[in-house]
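**Q** any chance you could fold what I've pasted below:
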Amino acid sequence: MRFTLPRDIYYGKDSLAELKSLHGKRAIVVVGGGSMKRFGFLDKVLGYLKEAGMETQLFEGVEPDPSVETVMKGAEAMRAFEPDWIVSIGGGSPIDAAKAMWAFYEYPETKFEDLITPFKFPTLRTKAKFVAIPSTSGTATEVTAFSVITDYQKGIKYPLADFNITPDIAIVDPTLAETMPPKLTANTGMDALTHAIEAYVSTMHSPFTDPLALQAIQMVFEYLPASYKGDKAAREQMHYAQCLAGMAFSNALLGIVHSMAHKTGAAYQNGHIVHGAANAMYLPKVIRYNAKNPEASERYATIARTVGLTGDANGLVDALCRKIDSYNDIFGIPHAMKDYENGMVPEDEFKAKLHDVAALAISDACTGSNPRQPSQEDMEKLLTACYYDLDVDF
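**A** Residues are numbered from 1 along each chain as shown. Coordinates of the predicted model:
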């Protein structure tokens, strides 16, 4: 067994200034679509790195759900610039992209297909170390061994997994999260909740991950509604909660809520199902499915008791699902995939792709640590229940 975290996690307001203490010659800064520049955080990062005596270069424009092509372009830029620090600031997308760029920078002959198999990365840190600075409170990619990259030609999101890509330094500065709009706050917050719940019931959970997962769950339930409304103190606590959830799931792994979210996210023609919203919609259904496993049922009951719910084991599982659904109601996240974004996923397309999407979800890297292993029939039933908001009793 193994438990791996970044060597250093700096947190608190204005912890971004810790960049001044880095030692190196060159740093490449990987960012997304422009919000970090608009709010002045990118200038701060570049200023602090210059104070550290480093030459800097920007790689901008990483898209949401970053593509294989973007990763390859970034790796090419790194090979030309030869940084000894890779610094990524923003949401999960630029940080995830930068993690994958890192591998191709250090190993130019590697192919994307070589990295899809979990925990098969080459040894990193031969050329550069990595700093991750999150601006959203959900993915926790700043402390995890994961990166999600999308192959748009195949319409598949690939979760890449290896302890090599756990960042060296995470800077969890809540000031960056204060700029999130409400919808992003809700989606990322429900993603964090899913991370913590799946980590707690995972077959890979341990005495090292359980306390982190439970603490994160408590904090999300306590602070997410106020954070959604813009409360800055709650935003700060959510930024820490999602990081705790990340520490838990990076080591305990996840389950089929994430398998389903990965494989439905880019599968349909009319647009993407946002990852956090997908998790929020699927989570109650998967809890009811997994609760047929007695050990998982008891662990869900422990979660429910931890957040103040009462009743016997079965009643507690149901109460936990209702609580999650009530949060979805607060945030305007539907209970059924058919209602997502005014019917973005048409029924005929859902049915036509059901078999293949279910098969891909079963083969997803997150399925192996789920407490109940689904058959093809089970997965098709689960996805159907999520599409129509049906009862799960199988």
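
**Q** from the contact counts, what lies against the least confident helix or strand in the chain by mean pLDDT?
**A** Least confident element among the helices and strands of the chain, by mean pLDDT, DSSP states H and E: strand 156-161 (a mean of 83). For strand 156-161, the packing partners by 3 or more CB pairs under 8 Å, 6 or more residues apart in numbering; DSSP states H and E come out as strand 146-151, helix 256-265. Backbone N, C-alpha and C define where each C-beta goes, glycine included.

**Q** on contacts alone, who are the packing partners of the shortest one?
**A** Using 3+ CB pairs under 8 Å, 6+ apart as the contact definition, the elements that strand 146-151 packs against are helix 68-81, helix 92-106, strand 156-161.

**Q** turn those into CSV, including mean neighbour count.
**A** Listed next are these as CSV, based on neighbours: other CB atoms under 10 Å:
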stretch, mean neighbour count
helix 68-81, 18
helix 92-106, 28
strand 156-161, 21
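
**Q** nearest to residue 337, out of the ones you listed?
**A** strand 156-161 (16.2 Å; CB to CB).

**Q** taking helix 256-265 as reference, get the angle to that closest one.
**A** Interaxial angle of strand 156-161 relative to helix 256-265 (axes from the mean of the first three to the mean of the last three CA atoms, to 10 degrees): 140 degrees.

**Q** then whatever helix or strand comes next after the least confident helix or strand of the chain to PDB, C-alphas only?
**A** Using DSSP states H and E, the helix or strand that follows strand 156-161 towards the C-terminus is strand 169-172. The C-alpha trace of strand 169-172 is given here as PDB (Å, rounded to 0.1, in the frame of the first residue of the first chain):
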ATOM      1  CA  ILE A 169       4.200  21.800  -4.400                       C
ATOM      2  CA  ALA A 170       0.500  22.800  -4.000                       C
ATOM      3  CA  ILE A 171      -0.500  26.400  -3.300                       C
ATOM      4  CA  VAL A 172      -4.100  26.500  -2.000                       C
END
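
**Q** and whichever helix or strand comes after strand 169-172, which residues are buried?
**A** As assigned by DSSP H and E, the chain's next helix or strand after strand 169-172 is helix 182-201. Buried positions in helix 182-201, judged by neighbour count with 16 or more other CB atoms under 10 Å: 184-201.

**Q** kindly report the same for stretch 302-315.
**A** Neighbour-count burial for stretch 302-315 [16+ other CB under 10 Å]: 303, 304, 306, 309.

**Q** go on, stretch 124-142?
**A** 124, 128-142.

**Q** tell me the one of those nearest residue 357?
**A** Taking CB to CB as the measure, residue 357 lies nearest residue 139 of the buried residues of stretch 124-142, at 22.3 Å.

**Q** for that closest one, which non-adjacent residue is spatially closest?
**A** residue 92 (3.2 Å; CB to CB, 6 or more residues apart in numbering).

**Q** let me know the pLDDT of the one you found.
**A** Per-residue pLDDT puts residue 92 at 91.

**Q** identify the residues contacting it.
**A** 134, 136, 138, 139, 141, 148 (CB atoms under 8 Å, 6 or more residues apart in numbering).

**Q** which one of those residues sits closest to residue 156?
**A** Nearest to residue 156 among these, with distances taken as CB to CB, is residue 148, at 10.7 Å.

**Q** pretty sure that closest one sits against residue 165.
**A** No - applying CB atoms under 8 Å, one finds residue 148 not in contact with residue 165, separated by 11.6 Å.

**Q** now the terminal residues of stretch 261-277, how far apart.
**A** Criterion CA to CA, to the nearest Å; first-to-last residue distance in stretch 261-277 is 9 Å.

**Q** cool, and stretch 99-117?
**A** Termini of stretch 99-117 sit 16 Å apart (CA to CA).

**Q** what of stretch 157-176?
**A** Rule used - CA to CA; the end-to-end distance of stretch 157-176 is 27 Å.
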